[in-house]
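Asker: How does the following fold in three dimensions:
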Amino acid sequence: MVFSGDFALRGKPRIATPSFEARPATVRPVEAPTRGSAAAAASTVSWQRTYSRRLAFTDTIIVIAAVFGAQQLRFGAPAGLHIPGLSGDGFNLAYTFVSLIVIIAWLATLKLLGTRSVQRVASGWDEYRLVVDASLRMFGLFAIAAFLLRVDLARGYLLLAMPVGLVALVVSRWVWRQWLGRQRAHGRYLARAIVVGEHGNAQHVAGELARDRAAGIVVSGAITNRADDELLPGVPLIGGLDDIVAAVERSGADTVVYSGSDLISPAKLRQFGWDLQSHGIELVLAAALTDVAGPRLHARPVAGLSLLHVDSPEFTGSRYITKRAFDIIAAGLGLIMLSPLLLFIALRVRADGGPALFRQQRVGLDGRTFTMLKFRSMVPDAEARLPELLAHNDGNGVLFKMRDDPRVTPIGRVLRRLSLDELPQLINVVRGDMSLVGPRPPLLSEVSDYESWAERRLLVKPGITGLWQVSGRSDLSWEESLRLDLYYVENWSLAGDLVIIWRTVRAVAERRGAY
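Answerer: Have a look, this model is predicted:
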């Protein structure tokens, strides 16, 4: 996980030197950036500015269309708004002028709250949160101003413009991300980074960055205290800790990710930041703490130090009550709306003479067991036939999975391919055994082999879907599946649950990892 912005080292630039030896305190002229590093930095700044301008253009078109569209639908013909005066007479103001004020205020709020900041766009969910926050704040302030000025502003006008424009803004940001993802898949719009730090730290950071391609940071080299040929496959070592600046200059990288080293003192690190700044190269500090979502992190400068505050994960309180209420409402409506489909599947599954439902003991919240329900997708004696198939396990080593399991019935294959066999778990959600979104419900045999740190996945209710399902399901390794579950436990939110539900629909449609 990488943190920038508040962690960027600032100071008066000095001439870059090939080592961190002690230097005189005299301020010297700033050395001009080398051709390679300047070109790399200019390229990065160029695409970032271009992308930001494209977002601004799209935002402008959407806001104008939403506001003037709402005006046309609400009033049709030109209409006026009466503004009361201090003497009681007041004056009339055309709604076209009001719309212009709303448009300018909306766009200005999006700009001021940094919704197009290069540190926030194109990765994570902070960009979407800021867009929503900026829009709600603007309309809230507009409503307060109308109340204080006793302006009879048409509520239908705002109730049309705000939700339509907000949804369109969020969708446009998602569309731009899809486009940017395709460009990055072809090697464009990427930050070329060098990881600097002790070998173990640098290896961990480089591996995490390689895992998250959406971040747009490609590690092209490393500088550590070791002399190995490669840090990771495809990531060569380009220098040692005594030759950092010169090695970065030779690499042509536009970003340096510092992963930490006891061999570099705070004073040397500060000088390193100045040297990189003079060459137009961005410095990013990677915290040792990983798998913690952005909303739980808060930077606070104290006594010249950049302190990183980490909020504790929430497992009780109002957010948990809201999640439970959402589960009950959504699962209840789902059971009502899908009841014809559920009845049809139950009758079709029972056609082979076995029960419609498959019941299995799973481990839920705080280690309590419950009976999980699924539509039966295998022959009735599937459990008895398991020992003879163990040698053909296609799963992750802990869970048994076969791509062509002979025990699966014809209707079971269809149900698994479309994930319809999971629908009875809506009953588990209503009962309170499960949640719509959460970690994968583990078997008793799995939990008995857990190490103490893995038991944290039992701090929240298991889910019908979760990060494990939208990230590959049966194609994931056991370690990766467990890592995703723990990430969810530490960082869950209702907004994140909604995103996972949406991604689940896409994953089911694409049939990823379903067998």
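Asker: Any regions of the stretch 201-350 of the chain where pLDDT drops low?
Answerer: 214, 288-315 (pLDDT under 70).
Asker: Which residue ranges of it form strands?
Answerer: All strands of the stretch 201-350 of the chain, identified by DSSP state E, counting those that start in this stretch, fall at 217-224, 230-232, 235-240, 255-260, 282-286, 297-302, 305-310.
Asker: How about residues contacting the third one?
Answerer: Residues lying outside strand 235-240 but in contact with it, judged by Cβ atoms under 8 Å, 6 or more residues apart in numbering, are 194-195, 206, 219-231, 246-247, 250-251. All C-beta spots, glycine's among them, are computed from the backbone N, C-alpha and C.
Asker: tally of neighbours for Asp327?
Answerer: 23 (other Cβ atoms under 10 Å).
Asker: Report the contact partners of it.
Answerer: Counting by Cβ under 8 Å, 6+ apart, Asp327 has contacts 429-430, 435-436.
Asker: Now render those as CSV, adding neighbour count.
Answerer: Listed next are the contacts of Asp327 as CSV, based on neighbours: other Cβ atoms under 10 Å:
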residue, neighbour count
Val429, 24
Val430, 17
Ser435, 25
Leu436, 24
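Asker: And those, which is closest to Phe139?
Answerer: Nearest to Phe139, judged by Cβ to Cβ, of these is Leu436 at 29.6 Å.
Asker: so how far is Val437 from the closest residue to Leu458 other than its chain neighbours?
Answerer: In this structure, Leu458 finds its nearest non-sequential neighbour in Gly367, 5.3 Å apart by Cβ to Cβ, 6 or more residues apart in numbering. With distances taken as Cβ to Cβ, to the nearest Å, Gly367 is found 20 Å from Val437.
Asker: who has more neighbours, those two?
Answerer: Per other Cβ under 10 Å, whichever of Gly367 and Val437 has more neighbours is Val437, with 29 against 11.
Asker: I figured that one was touching Asp497, is that so?
Answerer: Yes: shown here, Val437 and Asp497 form a contact pair, counting by Cβ atoms under 8 Å, at 4.1 Å.
Asker: can you count the residues close to Leu112?
Answerer: Neighbours around Leu112, by other Cβ under 10 Å: 11.
Asker: same for the helix or strand hosting Ser481, what does it pack against?
Answerer: Using DSSP states H and E, Ser481 maps to helix 478-491. Applying 3 or more Cβ pairs under 8 Å, 6 or more residues apart in numbering; DSSP states H and E, we find helix 478-491 packed against helix 467-470.
Asker: Tell me the predicted confidence for Ala185.
Answerer: What the model reports as pLDDT for Ala185 is 80.
Asker: Counting neighbours, what do you get for the residue lying closest to it once chain neighbours are set aside?
Answerer: Spatial nearest neighbour of Ala185, chain neighbours left out: Arg213 (8.0 Å); criterion: Cβ to Cβ, 6+ apart. By other Cβ under 10 Å, the residues close to Arg213 number 14.
Asker: What residues does the residue nearest to Leu458 make contact with?
Answerer: Here Gly367 is in contact with 447, 455, 458 (criterion: Cβ under 8 Å, 6+ apart).
Asker: Find the residue ranges of the stretch 51-200 of the chain scoring beneath the pLDDT cut-off.
Answerer: Low-confidence segments of the stretch 51-200 of the chain (pLDDT under 70): 76-95, 123-124, 151-155.
Asker: Am I right that Arg362 is in a helix?
Answerer: No: under DSSP: H, G, I helix; E, B strand; the rest coil, Arg362 falls outside any helix and is assigned strand.
Asker: what's the neighbour count on it?
Answerer: There are 19 residues near Arg362, going by other Cβ under 10 Å.
Asker: what's the answer for Gly353, then?
Answerer: 7.
Asker: what does Leu373 give?
Answerer: By other Cβ under 10 Å, neighbour count at Leu373 equals 21.
Asker: Kindly confirm whether my reading is correct that Gly438 touches Tyr488.
Answerer: Yes: taking contacts as Cβ under 8 Å, Gly438 lies within contact range of Tyr488: 6.9 Å.
Asker: Overlap of the contact sets of the two?
Answerer: 460, 466.
Asker: on that earlier part again, quick check: which of the strands of the stretch 201-350 of the chain is nearest to Trp502?
Answerer: Nearest to Trp502, of the strands of the stretch 201-350 of the chain and by Cβ to Cβ, is strand 297-302 at 24.6 Å.
Asker: quick one: buried residues of stretch 211-227?
Answerer: 215-225 (16 or more other Cβ atoms under 10 Å).
Asker: closest to Arg184 among those residues?
Answerer: Closest approach between the buried residues of stretch 211-227 and Arg184, by Cβ to Cβ: Gly216, at 5.7 Å.
Asker: which phi and psi does that closest one have?
Answerer: The phi/psi pair for Gly216 (degrees, to the nearest 10) reads phi 80, psi 20.
Asker: Quick one: residues contacting Leu110.
Answerer: 59, 116, 131, 134-135, 169.
Asker: helix, strand or coil for it?
Answerer: helix.
Asker: start at 50 instead
Answerer: With the count now opening at 50, the last piece we talked about shows up as Leu159.
Asker: how much space is there between it and Asp175?
Answerer: 14 Å.
Asker: likewise Trp228?
Answerer: According to Cβ to Cβ, Trp228 stands 19 Å off from Asp175.
Asker: what does Leu422 give?
Answerer: Using Cβ to Cβ, Leu422 is found at 37 Å from Asp175.
Asker: Report how many residues lie close to the closest residue to Arg237 other than its chain neighbours.
Answerer: In space, and not counting its chain neighbours, Arg237 is closest to Trp96: 7.7 Å by Cβ to Cβ, 6+ apart. Using other Cβ under 10 Å, the number of residues around Trp96 comes to 17.
Asker: Quick one: neighbours of Gln410, just the number.
Answerer: By the measure other Cβ under 10 Å, the count of residues near Gln410 is 11.
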